[in-house]
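Enquirer: Curious how this folds, go ahead:
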Amino acid sequence: MALFGLFNKKKKETLDKGLEKTRKSVFSKLAHVVAGKSTVDAEVLDNLEEVLVTSDVGVETTLKIIERIEARVAKDKYLGTSELNGILKDETVALLNENENGEYSIEEKVKAKKPYVIMVVGVNGVGKTTTIGKLANKFKTVGMKVMLGAADTFRAAAIEQLKIWSDRVGVPITAQHMGADPASVAFDTVTAAVAQDADVVIIDTAGRLHNKSHLMDELSKIKRVMQKVVDDAPHEIMLVLDASTGQNAFEQAKQFIAATEVNALALTKLDGTAKGGVVIGVSDQFKVPVRYIGVGEQIDDLQEFNKEEFVDSLFHN
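Expert: Numbers count the residues shown, from 1 in each chain. Below you'll find the predicted structure:
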């Protein structure tokens, strides 16, 4: 039990460090909101709204949080500004809990479906391949047999980068030459995974959005071909977003969710940005669960997203 507690403490410290830029930005703004005020009044709430919007939480999600705090103020009458931070945490977590659709456990997923097939989507440059490598490491660390598929065949660099991660983590990869049919790579990967009794398959895909219908057709073809081997693959379509792009991440999420059946999100590069509020906005607005967040460059700095820990780190003074 002590070891488990130590692990959680280390994880939380990494999360706190990863969100440091966002937290400092948010707190310098919050300090101005409550300066010279003893109670939470309309002016404080107006200023808080501006803080959240400029922290990339997004307008719609910000308005929901403000409405919740207004309801608390109306009920409790004279809430002091010293209590604002705690209320902000409570109401943000409550909002995110409304979007929750059950606890996520890769072990439970694999028990139900084996091999458990994850197809990873996202534009180039968001950290997609790195996220796949870190995921493979995370799953292998808990004793899973993992296989990778290099189905982003439009860029030689993508195939080579995934091969490097395959070697680094020590998991097998299926790859062909640049320009090969992505569906063919996916088919070979899933076929090998079944033959070798793998637990998890992670398929990389090309990151292009300039032609949504082409993207949709390509991803649909990959799915159809994989289903010849595993009838309900992929079990998860994970969209990787770069948190440092702020509102652009919202736009990418909107387009990918319209183009394919995204049912999981991973947000990267939180340690290098003050735009960490985007995690809250994206999670709320698209009703797609955030599964993983990248809070550092180390191989184990991809963390499972925990709403309470994230909000505590974000608004921690």
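
Enquirer: And the helices in the stretch 151-300 of the chain?
Expert: In the stretch 151-300 of the chain, the segments counted as helices under DSSP state H, counting those that start in this stretch are 156-169, 182-195, 212-226, 247-259, 278-286.

Enquirer: Out of the ones you listed, which gets nearest to Val51?
Expert: When those are compared by C-beta to C-beta, helix 278-286 sits nearest Val51, at 12.8 Å. Using the backbone N, CA and C atoms, a C-beta is placed for each residue, glycine as well.

Enquirer: just how off-centre is that closest one within its chain?
Expert: Mean-position distance between helix 278-286 and its chain equals 10 Å (C-alpha atoms, centre = their mean, to the nearest Å).

Enquirer: So for that helix, mean pLDDT?
Expert: When pLDDT is averaged along helix 278-286, the result is 92.

Enquirer: just stretch 224-241 next, same as before
Expert: The model assigns stretch 224-241 a mean pLDDT of 96.

Enquirer: Can you mark which positions in it are buried?
Expert: 225-226, 229-230, 233-241 (16 or more other C-beta atoms under 10 Å).

Enquirer: do the same with stretch 279-291
Expert: Val279, Ile280, Gly281, Val282, Ser283, Asp284, Gln285, Phe286, Val288, Pro289, Val290, Arg291.

Enquirer: Name the surrounding residues that touch that stretch.
Expert: Residues from elsewhere that reach stretch 279-291 (C-beta atoms under 8 Å, 6 or more residues apart in numbering): 56-58, 60-62, 64, 92, 95-96, 99-101, 104, 238-239, 241, 243, 249-250, 253-254, 257, 262-267, 270, 293, 304-305, 310-311, 314.

Enquirer: switch to 7 Å and redo it
Expert: The contact list for stretch 279-291 (C-beta atoms under 7 Å, 6 or more residues apart in numbering) reads 56-58, 60-61, 64, 92, 95-96, 99-101, 104, 238, 241, 243, 249-250, 253, 257, 262-267, 293, 304-305, 310.

Enquirer: and that stretch, how far out from the chain's middle?
Expert: With C-alpha atoms, centre = their mean as the basis, stretch 279-291 stands 8 Å off its chain's centre.

Enquirer: Just the pLDDT at Ala186, thanks.
Expert: So Ala186 comes in at 97 (pLDDT).

Enquirer: I meant Lys212, not that one.
Expert: pLDDT recorded at Lys212 is 64.

Enquirer: and if you look at Val117?
Expert: pLDDT at Val117 comes out at 98.

Enquirer: Go ahead and name everything in contact with the helix or strand containing it.
Expert: When elements are assigned from DSSP states H and E, Val117 belongs to strand 116-121. For strand 116-121, contacts defined as C-beta under 7 Å, 6+ apart pick out 109-110, 128, 132, 190, 199-205, 219, 222, 226, 230, 233-240, 256, 260, 262.

Enquirer: Likewise for stretch 305-317?
Expert: Outside stretch 305-317, the residues that touch it by C-beta under 7 Å, 6+ apart are 12, 15-16, 19, 22-23, 26-27, 85, 88-89, 92-93, 96-97, 276, 279, 290-293.

Enquirer: now it: how far from the chain's centre is it?
Expert: Chain-centre distance of stretch 305-317: 15 Å, with C-alpha atoms, centre = their mean.

Enquirer: And the average pLDDT for it is what?
Expert: Rounded mean pLDDT across stretch 305-317 is 87.

Enquirer: could I have that stretch exported to PDB, CA atoms only?
Expert: Presented in PDB, the C-alpha positions along stretch 305-317 are these (Å, rounded to 0.1, in the frame of the first residue of the first chain):
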ATOM      1  CA  PHE A 305      -6.300  11.400 -17.100                       C
ATOM      2  CA  ASN A 306      -7.700  11.800 -13.600                       C
ATOM      3  CA  LYS A 307     -10.200  14.600 -13.500                       C
ATOM      4  CA  GLU A 308      -9.900  15.400  -9.800                       C
ATOM      5  CA  GLU A 309      -6.000  15.400  -9.900                       C
ATOM      6  CA  PHE A 310      -6.000  17.400 -13.000                       C
ATOM      7  CA  VAL A 311      -8.300  20.100 -11.700                       C
ATOM      8  CA  ASP A 312      -6.500  20.200  -8.400                       C
ATOM      9  CA  SER A 313      -3.200  20.700 -10.100                       C
ATOM     10  CA  LEU A 314      -4.600  23.400 -12.500                       C
ATOM     11  CA  PHE A 315      -6.200  25.500  -9.700                       C
ATOM     12  CA  HIS A 316      -3.700  24.700  -7.000                       C
ATOM     13  CA  ASN A 317      -2.300  27.700  -5.100                       C
END
